[in-house]
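Enquirer: Need the 3D shape of this:
(2 chains)
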Amino acid sequence: MKPKIAFFDFTGCEGCQLDALNLDGDEILALLGAVDIVNFREVMTERKDNYDIAFIEGSITRQSEIARLQKIRERAKVLVALGACACIGGINCLKNHVPMEEALRAVYGEAAQYYDTIPARPADAVVPVDYYVRGCPPVHSELAKVIKALLVGRKPDIPNYPVCVECKMAGNICVFERGMYCLGPVTRAGCGAICVTSGRVCWGCRGLVDDPNLNSQKDILKKYGLTPDQIIEKFKIYDTCTEVIK
Amino acid sequence: MTKVNINVHQLTRVEGHGNIVLNARDGRIEELRWEVTESPRFFEVMMRGRYYEDVPHIASRICGICSIAHSTASIQATEAAFRISPSEQTLLLRKLLYNAEILESHVLHVLFLAAPDFLGVGSVFPLVETHKDVVLLALRLKRLAYNLAEVLAGRKTHPISCVVGGFAKLPGWSELEALRQRLEDARADFDTVVDLVKTLKIPDFVRETEYISLQDRKEYAYISGHIASSDAGLTPVEKYLEVTNEFCVPHSTAKYTRNQRDSYMVGALARFNNNHEQLSPRAQKVAEEIGLSAPCHNPFMITVAQLVESVDVVEDSISIIDRILSRGLQEEENTVRVRAGRGIGAVEAPRGILFHDYTYDMNGILLKANCIIPTNQNHNNIQNDMEVLVPQILSRPEDEIRQTLEMLVRAYDPCISCSAHFLNVSIRK
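Expert: The predicted structure follows:
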């Protein structure tokens, strides 16, 4: 029997799910032939509560979302966090740096008291997560790789070395040499250093490698005359720095 | 006694979370509401205090479908605040990138989200069996739009290379040539789509409203021009607050908008009504073939207008690539000089006009942000459409009423993740 797959969205931009439709057409059809998609609100009307693999997109930012995620965890055999928001908390965590009362008042004014909102957190702060498809958004090849590995019951092979490795392989000039700074030295690779290759810097959206060489990162900052505060401010965008500070 | 109780909790095949509620008894409507239930997102707070370079990066993440629209509006608002005029080359590349978003989003909506309604299925997935050629064609067109964005900005969802003042990386020459060929090939695919859409039965419903979009003397406007109203003519972008007039309604905390009347419409049909004369001949011919003529007051035709626009952006993209290939691409110096001030960026997101309004301090730190999202501007118009539509269809079977209402909301292609970053959450105490 084909494995039943479900997609669930929590708080986020829904770009991860929708971007999955930008995979190569033949690849999508091949994957569709191998699975049974039973729940994908974004693109389908039918909804079933019987599934094997659940993909979770978005951060958890409401009390009601905690119970919903727990229920999904009970039902799913395998739970996969899809994208930076679900994997590491992601961009929604930016609001955590502002007192909640103030954030509510700034955006919702007098109506603030009615809103159910809690500090943003990743899926694994609420339930155990089996696999992570990282990135904002995930790269297509890795998403396809993870799905295929799950289908054959194998653990997906995700790099556990820093973005710098792939950045060198892509032939990029180091952004530090170009007068900018970047979280590549401590961020988990797998994206092909797409942001540096596209002319920018690494913002750390894939989270840290398991054993980041923080001393070496500090040395790099020192060499280029930067302070940890500067880089923390710059890179708290995906909440990666909260991990660094820990 | 006949009762109709429809409660569509979390409408499917739309971006984000919304509900439709209809309760009627003996032909009398007791309750009829379009509600938005998305989680609050706090983007204004998230962008505040950030250096200008990070602002478009964060703004893009308001929405996974229209990330290029948010990114472009954010870049343009920042440029307006710093009084930067981008080069001609940057404007060409920016428009080409923008076309990729319009194409991708419209193909997604017309062929993946809306089409299943007309073909009597719940999603695109069963169509893989019954209409495999169309599904492959749809995936091909989406992939084309994706690759166009990829060549210009690294990727489509959350673009990378487009920055304040220009592009951090220029597209490759051979990639542009290859894309030009694929865009030409897409014409035949769109002929197939047009033949398909011609056979669909679009609900017959008319409610005239005010139509608001950008308008530019030079071209069918997506990222330039003034605000045009079908009722009141032109308003400069800087005075957008005079057009949007946000207000609260007693039964919810949702902020709605109105201009000359009780509500107005933004999006593909508003753009078509206001600017149809500037469409390419090929797009005008498609409109005529499918029976879309301006002014059109049937909101179900928004989907058709999106198809017409898709055909048009393919033509526009071919012509932009031709211009780039003939004038060449130069690496340009991009030195951004920050300054204190306020700037407004206005673009036509696939689903309607979008405003970003920023105030920066002298160090390029964002002090204040206000974003007005197209879907917010349409909520009130959707509600007003439902109030006119429901009495016309109330005698039909409940399933048919539900489906017609779902199709109406879906036609607007609402993007609720966007809208809820801001204020539209309906609360019942």
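
Enquirer: now the closest residue to chain A within the stretch 51-200 of chain B, nearest residue through space, not along the chain?
Expert: Relative to chain A, the nearest point of the stretch 51-200 of chain B is residue B:64 (2.2 Å; C-beta to the nearest C-beta). (Each C-beta comes from the backbone N, C-alpha and C, glycine too.) Once flanking residues are discounted, residue B:64 sits nearest to residue A:15: 2.2 Å by C-beta to C-beta, 6 or more residues apart in numbering or on different chains.

Enquirer: Could you check how far that neighbour is from residue A:149?
Expert: Distance of residue A:15 to residue A:149, computed by C-beta to C-beta, to the nearest Å: 23 Å.

Enquirer: Comparing the two, which residue is more hemmed in?
Expert: Higher neighbour count among residue A:15 and residue A:149: residue A:15, with 26 against 15, using other C-beta atoms under 10 Å in any protein chain shown.

Enquirer: tell me, how many neighbours does residue B:247 end up with?
Expert: Residue crowding around residue B:247 was assessed by other C-beta under 10 Å; the count is 11.

Enquirer: Do I have it right that it meets residue B:259?
Expert: No: Residue B:247 is not in contact with residue B:259 according to C-beta atoms under 8 Å; the separation is 11.3 Å.

Enquirer: Give me the residues contacting the helix or strand where residue B:4 lies.
Expert: Assigned by DSSP states H and E, residue B:4 falls within strand B:3-8. Outside strand B:3-8, the residues that touch it by C-beta atoms under 8 Å, 6 or more residues apart in numbering or on different chains are B:19-25, B:394, B:398, B:401-402, B:405-406.

Enquirer: Quick check: pLDDT value at residue 234.
Expert: Looking at chain A here, since you left the chain open. Note on residue A:234: pLDDT of 68.

Enquirer: my bad, the chain I had in mind was chain B
Expert: pLDDT at residue B:234 comes out at 97.

Enquirer: go on, residue B:17?
Expert: Value for residue B:17, per-residue pLDDT: 67.

Enquirer: ok, now the one 3 residues further on?
Expert: Per-residue confidence for residue B:20 comes out at a pLDDT of 87.

Enquirer: can I assume it sits in a strand?
Expert: Yes: membership of residue B:20 in a strand is supported by DSSP: H, G, I helix; E, B strand; the rest coil.

Enquirer: For it, which residues are in contact?
Expert: Neighbours of residue B:20 in contact, by C-beta under 8 Å, 6+ apart: B:6-8, B:11, B:33-35, B:386, B:402, B:405-406, B:409.

Enquirer: where do the helices sit along chain A?
Expert: According to DSSP state H, chain A carries its helices in the segments A:15-20, A:25-34, A:63-75, A:84-88, A:100-108, A:140-151, A:163-169, A:194-197, A:214-223, A:228-235, A:240-245.

Enquirer: out of the ones you listed, deepest packed?
Expert: Sort these by mean neighbour count, taking mean count of other C-beta atoms under 10 Å in any protein chain shown, and helix A:84-88 sits at the top with a mean of 31.

Enquirer: quick one: that helix near chain B?
Expert: No: for a cut-off given as C-beta under 8 Å from any C-beta of the partner chain, helix A:84-88 has no contacts with chain B; the smallest distance is 8.9 Å.

Enquirer: try stretch A:206-224
Expert: No: residues of stretch A:206-224 are not located near chain B by C-beta under 8 Å from any C-beta, the shortest gap being 13.2 Å.

Enquirer: would you list every one of the strands in the stretch 301-429 of chain B?
Expert: Secondary structure of the stretch 301-429 of chain B (DSSP state E, counting those that start in this stretch): strands at B:341-349, B:352-360, B:366-372.

Enquirer: Next, the angle from the shortest one to strand B:341-349.
Expert: What separates the directions of strand B:366-372 and strand B:341-349 is an angle of 30 degrees, with axes from the mean of the first three to the mean of the last three C-alpha atoms, to 10 degrees.

Enquirer: Just list what strand B:366-372 packs against, helices and strands only.
Expert: Under the contact definition 3 or more C-beta pairs under 8 Å, 6 or more residues apart in numbering or on different chains; DSSP states H and E, strand B:366-372 sits against helix B:43-47, helix B:55-60, strand B:352-360.

Enquirer: on that earlier part again, what mean pLDDT does the strand holding residue B:4 get?
Expert: Per-residue scores along strand B:3-8 average to 80.

Enquirer: Show me the shaky parts of the stretch 51-200 of chain B.
Expert: Within the stretch 51-200 of chain B, no range satisfies pLDDT under 70.

Enquirer: if you set the cut-off to 80 instead, what comes out?
Expert: Across the stretch 51-200 of chain B, the ranges flagged by pLDDT under 80 are B:122.

Enquirer: Touching, residue A:27 and residue A:144? I think so.
Expert: Yes: the pair residue A:27 / residue A:144 is scored as a contact, 5.9 Å apart, by C-beta under 8 Å.
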